[in-house]
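K.L.:
sequence and computational prediction follow.
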There are 4 protein chains.
Amino acid sequence: MVKIGIVGGTGYTGVELLRLLAAHPKAELRVITSRSEEGMAVADMFPNLRGHVDLKFSAPDVAVLQQCDVVFFATPNGIAMTQVRELLDAGVKVIDLAADFRLKDVDVWQHWYGMEHACPELIEEAVYGLPEINREAIKAARLVANPGCYPTAVTLGYLPLLEQGVIGTDGLVADCKSGASGAGRGANVGTLLCEVDSSFKAYAAAGHRHLPEIREKLGLVANEKVGLTFVPHLLPMIRGIHATLYGRLKDTSVDLQALFEQRYAAEPFVDVLPAGSHPETRTVRGGNMCRLALHRQQGSDTVIILSVIDNLVKGAAGQAVQNMNIMCGLEERSGLDVIAVLP
Amino acid sequence: MVKIGIVGGTGYTGVELLRLLAAHPKAELRVITSRSEEGMAVADMFPNLRGHVDLKFSAPDVAVLQQCDVVFFATPNGIAMTQVRELLDAGVKVIDLAADFRLKDVDVWQHWYGMEHACPELIEEAVYGLPEINREAIKAARLVANPGCYPTAVTLGYLPLLEQGVIGTDGLVADCKSGASGAGRGANVGTLLCEVDSSFKAYAAAGHRHLPEIREKLGLVANEKVGLTFVPHLLPMIRGIHATLYGRLKDTSVDLQALFEQRYAAEPFVDVLPAGSHPETRTVRGGNMCRLALHRQQGSDTVIILSVIDNLVKGAAGQAVQNMNIMCGLEERSGLDVIAVLP
Amino acid sequence: MVKIGIVGGTGYTGVELLRLLAAHPKAELRVITSRSEEGMAVADMFPNLRGHVDLKFSAPDVAVLQQCDVVFFATPNGIAMTQVRELLDAGVKVIDLAADFRLKDVDVWQHWYGMEHACPELIEEAVYGLPEINREAIKAARLVANPGCYPTAVTLGYLPLLEQGVIGTDGLVADCKSGASGAGRGANVGTLLCEVDSSFKAYAAAGHRHLPEIREKLGLVANEKVGLTFVPHLLPMIRGIHATLYGRLKDTSVDLQALFEQRYAAEPFVDVLPAGSHPETRTVRGGNMCRLALHRQQGSDTVIILSVIDNLVKGAAGQAVQNMNIMCGLEERSGLDVIAVLP
Amino acid sequence: MVKIGIVGGTGYTGVELLRLLAAHPKAELRVITSRSEEGMAVADMFPNLRGHVDLKFSAPDVAVLQQCDVVFFATPNGIAMTQVRELLDAGVKVIDLAADFRLKDVDVWQHWYGMEHACPELIEEAVYGLPEINREAIKAARLVANPGCYPTAVTLGYLPLLEQGVIGTDGLVADCKSGASGAGRGANVGTLLCEVDSSFKAYAAAGHRHLPEIREKLGLVANEKVGLTFVPHLLPMIRGIHATLYGRLKDTSVDLQALFEQRYAAEPFVDVLPAGSHPETRTVRGGNMCRLALHRQQGSDTVIILSVIDNLVKGAAGQAVQNMNIMCGLEERSGLDVIAVLP
C-alpha cells in the first residue's frame, strides 16, 4: 500500500483527492493537514465521506509527512515551493496540485504569480504531470507539477495537431468555459450562487495565469513559439471544463478523425468520440476522462476541437492520482476507473 | 457471476442500473431490451458508459430473458405484470422497479393506477423490497416490488417512531421535495429546463400515487391505520429527495437520537447523522445511502425528521441492486459502496 | 416626488430597492449610503442599473438623510435601532427592512437576536408593515417594521383561516423553502454556488429567528397563542419562497376557496389561484405578488395552503415600497405593477 | 394605440411578446392565435400574466388579423411566408420573428431550411430588422424580418470593426453560448432539465442555420465576403446569449474603446462597457440591451469582443417591439426601458 499524505485538504481539490484515494485499492491515507481545521473530522466537513474516511485534519508536521510515500499539495500557490525540499530529501515523492512548478521559465512565473520563487533550483527537475506527453519522465520523477485545469483540456485538444504540424502555430483561439469549482472553496462574493447562477460571463479576458502555462506547453509540443488567445468563462454549474479550440489547417485533406484516434489509441483517459459528436461535460463528471471531438464547417480550413474534462478530476485530483499511479508503478487506471453519474 | 437482464433500459432508472451493474463485481450484464432503440449501442445513448458497457439494446425476447438469473423491469407501470409470470416459471428472479406489485390492496392499486391488474395472483407473493423492514422475506423472494422513491425516504424516516409507537399515527405530515429525474426521461414540456429551473412548486397536492403506498407501508409498520398528508414538490435540480416529516410525540422524554441510532446500527445504507445535523441531498448523490436527522423546536412535542436519498439510487436502481444482492446471497453492499461526488 | 434615502445599499435588498425605486413614477432617489463602498458608482457594482441610476454610494450623513421624505434601512439587524430616533425627530418617515422593530416583545427579540435593543421605546409605535393586516396603521405610521420574508409568505397563507377560526391553532406546520438570496450578499462558504447548487437541505430546524415573528403575528391574527412548527429549507436557486402550510380544519364543510377569494378580493398583491392550482415561484419573480392555492387530500381534515412570493420583493424591497406608497398617500400599486419574466 | 395581433403565441417568444406588449403604453393587444390552445386563457398557460392579459387564444382568422395595425408572427419557420401577403395587402404591418425573410439569397435559405420558399417575391422588400444598421429602412417598412438571436449578438459585436475595416474579414471566430430557451418550448428530450442542467456542450458545430445569416449580414456591413466560423453552445440556464468574438486587427494602434463608444453613442439599446469589463448575461435578462466589452491580450493583434443579450428580448421579442416602435413612429424605447432583475 502506498502511504499518502495530503497537505491542505479543506478545498475542493482536497476533498476530491480524499474521495478518489479512499476508494483506491493500493492507497492508504495516512495524514491530511489543515492549520485552520486541526482536530476536525474530515467527514464532518465533507459528509459524503462518512463511513469512508476516518481521518481528522491535523496541524502540518514535516516529520509525519516524511513517513509517507507520496505527499500531495492541495494548497494555494506559493506553499509547496517552501516545503518540497525537505520532503524530497527524505525520499518522499511529491505531487503539487498548485502552480509552483508548472512553468520552466521562472521569470514568467514570477511575473504572473506576483511573488518570488522560493525554490527555483527544483524547477528544472520537476516534471509537468501530463501523462499523455510526459509518461516516461513521470515514472522516474520525484517531483511532479500537476497541470492546471484549462491547460489540461487545451493541451490534449491541440496535441495531435501540433505534434504533426497540421495546423499553423499562430492565431490559435482557445475559448474555454469552466464550472465554478475551479475558483475554489474560499468565501468570495463573486462565486456565491446568487452571483453565478443563471448567468454567464468571461473573466480575465486580458490575460489569465493559465495563458503562459498553455503557451509554454504547446510551444514544447510544437517545437516553436505558438500564438494563442485564451479566454476563460464562468459556467453556472459546479464541475466541468469545455474547451472550444480553433486552428487553421495547413492542408485540409488530412484525416483529422484518424489522426486523433491513432494518437490516443493507447491512452486510458482520452476518448476520441465518433465523428460528428459533441462531448458533454456531464459525461466526465467525477471521472478522469478527457473526451474530444473534431469538426469543420463546410470544408473550411478552420478546425474546431471540442475537449471536455472534469476540472477537479482530470483537471486536478484525478490527474494527480494518475501521476501517483505512474510514479509508484501501479496500474495507471487504478482507483480511477469510475463511471460518471448521468443524469 | 449473476447473469442480468434489464427490460426497458432507456430511461433514467435504466441508465442508473447500467452504471451500477457495470461496476458490480458479481454481476454480468447479458441483455437490455428496448423496442424503440433496438440495435443502438447503449453507450451511444449514454456516453458516460463508453468503455464500460458494450451492449446494444435488443428487442424484447422472453427466451433470452429466461436465461438470466435476475431480470429487472425498468419499464412504465403496467408492463411487468404482463411478463413476470413466464420469467418466474423459468426460475428467473424478478425485480420490478415500477409500481405493479407494490400495493397489497389490488382495488386501491387499480383506483390509483387507472388500469386493471393483469396478474393479481402474484401480488400476495411479491415482497416489498425495502430491506430495512423485509430483509428476510427478500432473501427468499422470487418477485420483489422495488419501492417508490418517496415511500423509501418517508418510510425510513418514520420507521423507528412507528415501530416503537412513539408518535401518534394521525396527523402525520410528509412534505417531500424531489429532483426532476423522478419524472423520467420522457419528452414533456413540464420538465423542460426552462419550465423547472430557478423555480419551485408543489404538484399533485390533492393526491399522488405514492400516497396509498406510503400509507399502506406505514400502516403495516405501525400495525394500525395511519393518517398521513403527503405533498410532493419539484426541485430545480436533477437528483435527490428530501423528505421533511412531522409527527406528534406521545412522550417528549424519549431519546430520539438513541432510538434512531439503535434501530439503524446494523443497516448498511441508513446513516443517522449526529444530533443537530441537516442532511444535504448532495451527500447521497449517486450513492445508495439514506441520511437522517432529528429535530425538535424548543421542547415542542412535534418531532421533525429530515430524510434524504438519491431518488434514482436508494429510491430506485440502487435499492434494486441491494435487493438483488440479498436475493442472490451476495454481500449486501456489493457494487453499492460508492462515495458521492461533492461538490 | 418623494425624496428617498437608502441606508446600506450594497446587499440584495438594497439593489432591489434601487431597481424598484428607479422605475417608480413618484420617487426620487437622493442618497444611498455605504461606508465600505463610498464613492463607487452604484451602477458599477450593479450593472443592471446602468443608465437608470446615476448615484454614487456616499458615507452615512444624518444631515443628508434628514432632508429625505422617506429613509429605508437595508442594513443588518441592529443598525436601524441606533439611527431611527434622529430621523423621526426630523420628520422623516422610516422603513426598516431588518428585524429591529418587528417583534413587540422586546425580551423575545433580545433572546433571538442576541443583543440589547437600543431603542425599545419606539417598539410600541412601530407598525408591522404587512398591509393586508395593518393598512390603516401604516397610513399613519412614522416608523414601519418591514416584515421578514418567511413571515410574509406564512402569514398571508394562514390569515383567512385564523381570522375566521376555521383551523385549530395548535399543531400548525409551516414547511418553507427559500432561494439563496435570502441569505444575503456576504462572502460566505455556505452560499457559494458549489455548496448550494444541485442540492437541497433544511437549516435551522431547531429554531429560526423568523419563528417568534411568525408566532407573534399569527397569534395577533388568531387572538390566541398558536402552536407552530416552522422549518426553513435552502433551494438551489436565487429568488423565491414557497411556503407549504398545514392546519387541521375544525369543520370540513367550509368553502376554503371562497373564504380566500373573499378575504383577498380587494388586495392588490395577493392572488388566489383557481381551485386545483399549484403556484410556481417563477410567476412572482421580480414582482410584488403573493400567489396562494388551497388543497385537501381525499376529504381529509388537513388543509394544505401553498403560498409563494419573491423573497426580495413581497418578502423585502417590494413590500417596503408598498408601505412607502401607503405612508405617502400614493397609489398602492405605484411602481410595483410589473410582470414577472417567464421563463 | 397600436392595435396588435400575434400569430402563434404559445412559445417562449410568444409569452415574451405578451409580457412586453401588455406593459407597452401605446400598444393594445387585440388577438393572439393558437390552433392547439383555442379558447384557453393566456394567463392560464402563463400565470405571470394573470391580471395583465385577459385575452384567450383564438383560432387563426385572417379577417380579424387584418384589422390590426401590426401583426407579429411568433411561429415556426415556414408559416409567416404563407400568410404575409394577405396581411400586407390589407395594410397591416408585419414583423416575422421566424427566419422566413431573413436571408436575401433564397437559394441559401432553401438549402438551410430544407423547404421551398412560398413567397420569394417579398424577400427583396423585407427589411432585416436590426435597427443599428437598418433604422431608416425599418421606418418605411411594411415587412420586417426580425433577426435571429445569435446573429443579433454577433453582428452588433463585429459591426464597428467591419464598418471601419479595422479587422481582417477572414478567419473570424464567433464562439457563442445560449440559454436553453433558444430551443423553444417544444416537448423534447434534449432540453429536459435532466439533460441540460449542470452540463455544457457545443451543438451544430458543423453548421447551424444562423451561420449563413451572420455571414450575409456581416458581408453587407463589410462590403465583402467574410470568412467566419460560428460554434453555438448550450448553457445550463434559461435566458441569455454570450458571444465571444475574435478577429485580427490590421492595425493594433486603433483605439477600440473609442471606436465602439462613438459608433453606439446614440443607440438606445447598445451599451459599451468601460474598458476592462466583462459583461454578464444576467445584467440584460428581461431587458432589450446589448452590452459589449473589448479586450486584447498583452498587445496581441487579436481583438476579443464580448457581447451579451437576452435571447428572448434583444434576440427576439424585444427587438420585434423595437422594430414596431420604429415602424409606427413611436418613441423607440417605448415599453422597453426596463431594468434587469439582479440577482
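P.N.:
In hand now; what should we look at?
K.L.:
so who does the closest residue to chain D within the stretch 201-343 of chain A touch?
P.N.:
Nearest residue of the stretch 201-343 of chain A to chain D: A:Arg282, at 3.6 Å (C-beta to the nearest C-beta). In short, each C-beta sits where N, CA and C put it, glycine included. A:Arg282 is in contact with A:Gly240, A:Ala340, A:Leu342, A:Pro343, B:Asn48, D:Ser198, D:Ser199, counting by C-beta atoms under 8 Å, 6 or more residues apart in numbering or on different chains.
K.L.:
so which of these is the most crowded?
P.N.:
A:Gly240 (31 neighbours; other C-beta atoms under 10 Å in any protein chain shown).
K.L.:
mind listing what that one touches?
P.N.:
A:178-179, A:281-282, A:284-285, A:308-311, D:198-200.
K.L.:
now do the contacts for A:Gln83.
P.N.:
A:Gln83 sits next to A:Val7, A:Val62, A:Phe73 when contact means C-beta under 8 Å, 6+ apart.
K.L.:
what about A:Ala41, neighbour count?
P.N.:
By other C-beta under 10 Å, 15 other residues sit near A:Ala41.
K.L.:
in a helix, that's where A:Leu342 is, yeah?
P.N.:
No: going by DSSP: H, G, I helix; E, B strand; the rest coil, the assignment for A:Leu342 is coil, not a helix.
K.L.:
picking that back up, including neighbour count and secondary structure, could the contacts of A:Gln83 go into JSON lines?
P.N.:
As requested, those are exported to JSON lines (neighbours: other C-beta atoms under 10 Å in any protein chain shown; DSSP: H, G, I helix; E, B strand; the rest coil):
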{"residue": "A:Val7", "neighbour count": "23", "secondary structure": "strand"}
{"residue": "A:Val62", "neighbour count": "12", "secondary structure": "helix"}
{"residue": "A:Phe73", "neighbour count": "25", "secondary structure": "strand"}
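K.L.:
which one of the residues you listed is nearest chain D?
P.N.:
Nearest to chain D among these, with distances taken as C-beta to the nearest C-beta, is A:Phe73, at 28.8 Å.
K.L.:
near chain D, which residues of the stretch 101-250 of chain A?
P.N.:
Counting by C-beta under 8 Å from any C-beta of the partner chain, the positions of the stretch 101-250 of chain A adjacent to chain D are A:171, A:173, A:175, A:177, A:194-195, A:197-203, A:205-207, A:211, A:227, A:229-231, A:233, A:235-240, A:242, A:244, A:246, A:248.
K.L.:
buried among these? Need that as a selection in PyMOL.
P.N.:
Filtering these down to the buried ones (16 or more other C-beta atoms under 10 Å in any protein chain shown) takes a single PyMOL command:
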select buried, chain A and resi 171+173+175+177+194+195+197+198+199+200+201+202+205+206+207+211+229+230+231+233+235+236+237+238+239+240+242+244+246+248
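K.L.:
so what's the residue count around the closest residue to A:Leu336 other than its chain neighbours?
P.N.:
Residue nearest to A:Leu336 in three dimensions, not counting chain neighbours: A:Asn288, with 4.4 Å by C-beta to C-beta, 6 or more residues apart in numbering or on different chains. A:Asn288 has 24 neighbours, counted by other C-beta under 10 Å.
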